[in-house]
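Engineer: For reference, the sequence and a predicted model appear below.
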Amino acid sequence: MGLQLAERTRQAASLLDILVSVTMEAVVLKNLAPATAIAPDGVTAAQRLADGLTTREEIKDLVSRSSQVATLSEQDAYHYLDIWHSEGELNALRWLKKQEAKPAKK
């Protein structure tokens, strides 16, 4: 039940919801044997815990770059907001990170 609640929370679009979900999963998964399969595809408790840590680290990295939004062109800022509204905050920040990696236009 705890894992189902965490999954429902994760489906929300905000970073806070995703972080709450990862934390909820960790509370449940730490009480299981690491090799316990928790999904029909064979994902184990240990793998899901590792995925949660990876997600937390990615969010930490992306949030550290969020001030970059202020430097976007008007068109890119609108695109960023479109992604945020349609795909969620995490995907918008992932897009922002990709923009940073692109060479500057001359």
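Structural biologist: Noted; the coordinates are in hand.
Engineer: from what I can see Thr55 touches Val20, true?
Structural biologist: No. Thr55 lies out of contact with Val20 (C-beta atoms under 8 Å); the separation is 11.7 Å. (Each C-beta comes from the backbone N, C-alpha and C, glycine too.)
Engineer: Show me the chain divided up by domain.
Structural biologist: Domain ranges of the chain: 2-64, 66-101, per automatic domain parsing.
Engineer: what pLDDT does the closest residue to Ser66 other than its chain neighbours get?
Structural biologist: Sequence neighbours aside, Leu93 is the residue nearest to Ser66 in space, at 6.5 Å (criterion: C-beta to C-beta, 6 or more residues apart in numbering). Note on Leu93: pLDDT of 93.
Engineer: Quick check: buried residues in the host helix or strand of Leu93?
Structural biologist: Assigned by DSSP states H and E, Leu93 belongs to helix 89-101. Buried residues in helix 89-101, defined by neighbour count with 16 or more other C-beta atoms under 10 Å: Glu89, Leu90, Ala92, Leu93, Trp95, Leu96.
Engineer: ok, of those, which one's closest to Gly42?
Structural biologist: Leu90 (25.2 Å; C-beta to C-beta).
Engineer: now the residue nearest to Ser66: how far from Leu19?
Structural biologist: 13 Å (C-beta to C-beta, to the nearest Å).
Engineer: Which strands and helices lie in contact with the helix holding Leu93?
Structural biologist: Other helices and strands packing on helix 89-101, by 3 or more C-beta pairs under 8 Å, 6 or more residues apart in numbering; DSSP states H and E, are helix 15-29, helix 45-64, helix 74-87.
Engineer: and the angle for the first one with helix 45-64?
Structural biologist: Right, the one you point to is helix 15-29. Calculated by axes from the mean of the first three to the mean of the last three C-alpha atoms, to 10 degrees, helix 15-29 forms an angle of 160 degrees with helix 45-64.
Engineer: try the shortest one
Structural biologist: Using the same axes, to 10 degrees, one finds that helix 74-87 and helix 45-64 are set 150 degrees apart in direction.
Engineer: What residues sit buried inside helix 74-87?
Structural biologist: His79, Tyr80, Ile83, Trp84.
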